[in-house]
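Novice: Prediction below, plus the sequence it came from.
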Amino acid sequence: MPELPEVETIRRQLAPHLEGRALEAVEILDPRWTRPDPPRGVEAALRGRVVEAVSRSGKYLIWRLTGERYLLMHLRMTGALLFDPPSDPPHTRVRFALDGGHRLVYNDPRRFGTGHLVTGAEARDAYLTLRLGVEPMTPAFTAAYLREQARGRAAPVKSFVLDQRRIAGVGNIYADEALFRARIHPLRPAGSLRGAQFEALREAIEHALMAGIDAKGATIDDFRHVDGAQGSFQDLFCVHQREGKPCPECGTTIRKLVVGGRGTYVCERCQPRPRGRRRVVGRGAASAASGGEQL
Ligand SMILES: [Zn+2]
């Protein structure tokens, strides 16, 4: 799934192509994209509007259009935007005809991606506030914020980091890489971290996300740039998808666990397993203990 660095990469590539251009026509081929809104109404509301700006919040791409309209796109598992592709890819869901003869195609094999059109900045903020917590790399993202959010939480810290309503934009790749950098075991109960570990976690999350943005995202699964090229952050992974390989810090073999249903990679020497009185309960812990694989 595209995470914050992948969506930011798309935004940076897309913005110069879209900003200032009019949407001459929009064809929504899959009604699931706009559900519950009927696609014909969304097509009509988009037609003729100019894209004023393309921004991002968490994993959402936000198109600001003339007339105070906002198109809020989430690519979910396999969504990709392609600018001026030579032909329509096989899972085309939406076609945007732009002025100047350009076109943008939204392709999504698994069809989980969404596009919602709202009117006014208040409606935009209401939509996003309901779904997103604090954005990393903003002043509100502090160790104190993380400590406050984690207080009393028995859930594994990996699940805490993945919760979009607490931290916006971090997914499975960057959570694994950040926890490795912060030397925190993914099964540690979030509420059991010590003071300095919240600062280490904050720093590690931002470091991992910035490294991902610098590498123009990670290409696993179907992630593609707007021009069809791929990112290279996968070449820099320390632990993610490196099961059986040596830890880059200490040489210990990297293990794969399942935490909260997600495949999770860890060096159990650099990231010591939680032990002692705090017994971790829950599905993630149980499947990790049995060496269970993610389905
Ligand atoms: Zn290690």
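Specialist: Cool, the structure landed. On a predicted model such as this, the values are computed, not experimentally measured, just so you know. Numbering: from 1, shown residues only.
Novice: Get me the contact residues on the protein for the ion.
Specialist: Cys247, Glu249, Cys250, Thr252, Cys267, Arg269, Cys270 (C-beta under 5 Å from the ion). For the C-beta atoms, the positions are set from N, CA and C on the backbone; glycine is no exception.
Novice: Now the second one. Nearest residue, chain neighbours left out?
Specialist: By that I understand Glu249. Nearest residue to Glu249, sequence neighbours excluded (C-beta to C-beta, 6 or more residues apart in numbering): Cys270, at 5.3 Å.
Novice: count of residues packed around the one you found?
Specialist: Counted with other C-beta atoms under 10 Å, residues neighbouring Cys270 total 21.
Novice: where does it land in three-state SS?
Specialist: coil (DSSP: H, G, I helix; E, B strand; the rest coil).
Novice: Run through the residues that contact it.
Specialist: Cys270 makes contact with Phe180, Arg183, Cys247, Glu249, Cys250, Thr252 under the criterion C-beta atoms under 8 Å, 6 or more residues apart in numbering.
Novice: 10 Å instead?
Specialist: Applying C-beta atoms under 10 Å, 6 or more residues apart in numbering, we find Cys270 in contact with 179-185, 238-239, 247-250, 252, 254.
Novice: Neighbour-wise, give me the winner out of those residues.
Specialist: Ranked by the number of neighbours (other C-beta under 10 Å), the contacts of Cys270 place Leu179 first, at 30 neighbours.
Novice: right, and that residue touches Ala204 too?
Specialist: Yes. Counting by C-beta atoms under 10 Å, Leu179 does reach Ala204; the two are 7.2 Å apart.
Novice: what is in contact with those two at once?
Specialist: Val161.
Novice: As a check, name the ranges of all strands in the stretch 151-295 of the chain.
Specialist: Listed in chain order, the strands of the stretch 151-295 of the chain (DSSP state E, counting those that start in this stretch) span 255-259, 262-266.
Novice: so which of the ones you listed gets nearest Val105?
Specialist: strand 262-266 (30.0 Å; C-beta to C-beta).
Novice: Which strands or helices does that closest one pack on?
Specialist: Judged by 3 or more C-beta pairs under 10 Å, 6 or more residues apart in numbering; DSSP states H and E, the packing partners of strand 262-266 are helix 157-162, helix 172-181, strand 255-259, helix 283-289.
Novice: one more time with 6 Å
Specialist: Judged by 3 or more C-beta pairs under 6 Å, 6 or more residues apart in numbering; DSSP states H and E, strand 262-266 is in contact with strand 255-259.
Novice: Name the spans of the stretch 101-250 of the chain whose pLDDT lies under the cut-off.
Specialist: In the prediction, the stretch 101-250 of the chain carries residues with pLDDT under 70 at positions 221-222.
Novice: how about a cut-off of 90?
Specialist: Low-confidence segments of the stretch 101-250 of the chain (pLDDT under 90): 219-230.
Novice: where exactly do the helices run in it?
Specialist: For the stretch 101-250 of the chain, the helices defined by DSSP state H, counting those that start in this stretch occupy 121-131, 143-150, 157-162, 172-181, 195-214.
Novice: deepest of the ones you listed, which one?
Specialist: helix 172-181 (a mean of 26; mean count of other C-beta atoms under 10 Å).
Novice: Does anything pack onto that helix? Which helices or strands?
Specialist: If contacts are counted by 3+ C-beta pairs under 6 Å, 6+ apart, helix 172-181 sits against helix 157-162, helix 195-214.
Novice: which residues are contacting that helix?
Specialist: The contact list for helix 172-181 (C-beta atoms under 6 Å, 6 or more residues apart in numbering) reads 3, 158, 161-162, 186, 204-205, 208-209, 218, 238-240, 262, 265.
Novice: just stretch 75-95 next, same as before
Specialist: The set of residues external to stretch 75-95 that reach it, using C-beta under 6 Å, 6+ apart, is 1-2, 17, 27-30, 33, 102, 104-110, 112-113, 222, 224, 226.
Novice: cool, and stretch 190-198?
Specialist: For stretch 190-198, the external contacting residues (C-beta under 6 Å, 6+ apart) are Ala143, Leu146, Arg147, Ala150, Arg151, Gly152, Arg153, Ala155, Val157, Phe160, Ile184, Arg278.
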